[in-house]
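Chemist: I would like to see how this sequence folds:
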Amino acid sequence: MSGVTLTSVSKKFGEVEVIHDVSMEIAQGSFAVFVGPSGCGKSTLLRMIAGLEETSGGRIEIEGRDVTREEPSNREVAMVFQNYALYPHLSVFENMAFSLRLAKASKEETKAKVEEAAEILQLTDQLKKRPKELSGGQRQRVAIGRAIVRQPKVFLFDEPLSNLDAELRVQMRLELARLHRQIGATMIYVTHDQVEAMTLADDIFVLKGGYVQQSGAPLDLYDDPTNRFVGGFIGSPAMNFLPGRVEAVQDGRMTVAIDGSDGARMEAARPAALSQGDAVVLGVRPEHLDLAETGPRVRVEMAEALGGVSYLHAKMADGRQVVIERRSIRDRLEGEEVALTARPDDILVFSPEGERLR
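Modeler: Below is the predicted model:
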């Protein structure tokens, strides 16, 4: 059964359309992530599902019920914001119980639900404290607990970790994943951080300019992006893009002369539509690049040695940046010129306009 279904949903602010004919189906109990750069429409889309923004066109359903024109309080959703939105004068218990008291739940029911949520979130010994006495991670857990006690059909998270430091973000990602497994509710999560998307999601929806560019399982998007934008956005470090021109074709393979590399060549699988002389852009993940005797030459500007893995940040003669991933190798190579190679089957091919060619 679908947890949330959007059918041809659009949103306008005045004459400006910011969400364009978006349709998606999010399975009940799954963890979906909306990801994309700032201004792509992901938070607006989330707020439309919550009922905090009106829908200009299309239909929104939650577990089969049309909620497009329903008030937020009637949609059976709970939203967690990045700024926690806690009441500073209330205790943790009182913050988590607030919505239940508004709904006139009994004291016994309120106590039971708050204590259950606190146990799930490891907040039992914090219930008497005020928000100012808590760490950032604990405050975010209180905000999540306030949502849990409502027992919604859908949890909505709007960049909930963006105010936390790097270590806490990692910890909270683990806690959110554990929480999802434990309660099994449908969760929709908005972030601009594709690492969060890759580690948390059952399904990722990549947005740009109010359009869904591609959706699917994280590794499916990583391995098989539908266009250059998705290929470059999903993955850290980002995919390298090397423009060039098809020089020769033979037996399902093609040789591409790479621009800005003094005629150096790389071999890739040949999409059916391409022929000699066509312009292309080769997409290569940093982990698929290797050092070789021949190939496009780059100068290593900086090496990030992280222990088990190193990232070489290099520049081609035309100024194009390239990142090479190397494992268990400590040579920094800074200032040296090296040549690059990759297995043909690890190279993706795009048109100059960004469309994936297969």
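Chemist: just how off-centre is stretch 349-358 within its chain?
Modeler: Its chain's average C-alpha position is 22 Å from that of stretch 349-358, according to C-alpha atoms, centre = their mean, to the nearest Å.
Chemist: what sits up against it?
Modeler: 225-229, 231, 241, 243, 268-274, 279-283, 348 (C-beta atoms under 8 Å, 6 or more residues apart in numbering). In short, each C-beta sits where N, CA and C put it, glycine included.
Chemist: can you check stretch 109-121 too?
Modeler: Applying C-beta under 8 Å, 6+ apart, the contact partners of stretch 109-121 are 92-93, 96-97, 100-101, 105, 123-124, 126-127, 141-142, 144-145, 148-149, 151, 175, 179, 182-183.
Chemist: what do you get if the cut-off is 10 Å, keeping everything else the same?
Modeler: Residues from elsewhere that reach stretch 109-121 (C-beta atoms under 10 Å, 6 or more residues apart in numbering): 92-101, 103-106, 123-127, 138, 140-142, 144-151, 175, 178-179, 182-183.
Chemist: Check the model's average confidence along that stretch for me.
Modeler: Average pLDDT, stretch 109-121: 94.
Chemist: same check, this time on stretch 299-311
Modeler: Computed over stretch 299-311, the mean pLDDT rounds to 90.
Chemist: What is the burial count for Glu325?
Modeler: 16 (other C-beta atoms under 10 Å).
Chemist: What's the mean pLDDT across the longest helix belonging to the chain?
Modeler: Ranked by number of residues, the top helix in the chain under DSSP state H is helix 166-183. The average pLDDT within helix 166-183 is 90.
Chemist: Report the buried residues of that helix.
Modeler: By 16 or more other C-beta atoms under 10 Å, the buried positions in helix 166-183 come out as Leu168, Arg169, Met172, Arg173, Glu175, Leu176, Leu179, His180.
Chemist: Out of those, the closest to Val22 would be?
Modeler: Val22 lies nearest to His180 out of the buried residues of helix 166-183, by C-beta to C-beta, at 23.4 Å.
Chemist: Quick check, the closest one in contact with Ile148.
Modeler: No. Between His180 and Ile148 there is no contact under C-beta atoms under 10 Å: 11.5 Å.
Chemist: what sits in contact with each of these two?
Modeler: Residues within reach of His180 and of Ile148 at once, by C-beta under 10 Å, 6+ apart, are Phe155.
Chemist: Can you name the residues in contact with stretch 269-277?
Modeler: 245-256, 268, 278, 280, 343-351, 356-358.
Chemist: hang on, the earlier thing: hey, what's the angle from whatever helix or strand comes next after the longest helix of the chain to helix 166-183? Just curious.
Modeler: Next helix or strand after helix 166-183 toward the C-terminus (DSSP states H and E): strand 186-191. When axes from the mean of the first three to the mean of the last three C-alpha atoms, to 10 degrees is applied, the directions of strand 186-191 and helix 166-183 differ by 160 degrees.
Chemist: Okay, now the sheet partners of strand 186-191, with direction.
Modeler: strand 31-35 (parallel), strand 154-158 (parallel) (DSSP bridges).
Chemist: show me where the stretch 101-250 of the chain has helices.
Modeler: Under the criterion DSSP state H, counting those that start in this stretch, the stretch 101-250 of the chain contains helices at 107-120, 136-148, 166-183, 194-200, 218-223, 228-233.
Chemist: got JSON lines for the ones you listed, with distance to His20 too?
Modeler: JSON lines is the format used below for the helices of the stretch 101-250 of the chain (distance: least, C-beta to C-beta, whole Å):
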{"stretch": "helix 107-120", "distance to His20": "38"}
{"stretch": "helix 136-148", "distance to His20": "29"}
{"stretch": "helix 166-183", "distance to His20": "29"}
{"stretch": "helix 194-200", "distance to His20": "21"}
{"stretch": "helix 218-223", "distance to His20": "20"}
{"stretch": "helix 228-233", "distance to His20": "15"}
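Chemist: for those, which one sits closest to Val22?
Modeler: Nearest to Val22, of all those, is helix 228-233, at 15.9 Å by C-beta to C-beta.
Chemist: residues making contact with the closest one?
Modeler: By C-beta under 10 Å, 6+ apart, the residues outside helix 228-233 that reach it are 35-37, 40, 192, 194, 197, 204, 206-209, 213-216, 221-225, 227, 238-241, 281, 283-285, 348, 350-356.
Chemist: returning to what we had before: I'd like to know which of the contacts of stretch 349-358 are buried.
Modeler: Buried members of those, scored by 16+ other C-beta under 10 Å, are 225-229, 231, 241, 243, 268-271, 274, 280-283, 348.
Chemist: Among the residues you listed, which ones are in strands?
Modeler: Cross-referencing the buried ones among the contacts of stretch 349-358 against strands under DSSP state E gives Phe241, Pro243, Ala268, Ala269, Val280, Val281, Leu282, Gly283, Leu348.
Chemist: Just the pLDDT for the last one.
Modeler: Among the per-residue scores, Leu348 shows a pLDDT of 98.
Chemist: Does it have any beta-bridge partners, and if so which?
Modeler: Beta bridges link Leu348 to Gly283, judged by DSSP bridges.
Chemist: circling back: tell me which of the buried residues of helix 166-183 is nearest to Glu334?
Modeler: Nearest to Glu334 among the buried residues of helix 166-183, counting by C-beta to C-beta, is Arg169 at 29.6 Å.
Chemist: From what I see, Gln82 and Met172 are in contact.
Modeler: No. In this structure, Gln82 is not within contact of Met172 by C-beta under 10 Å, at 11.7 Å.
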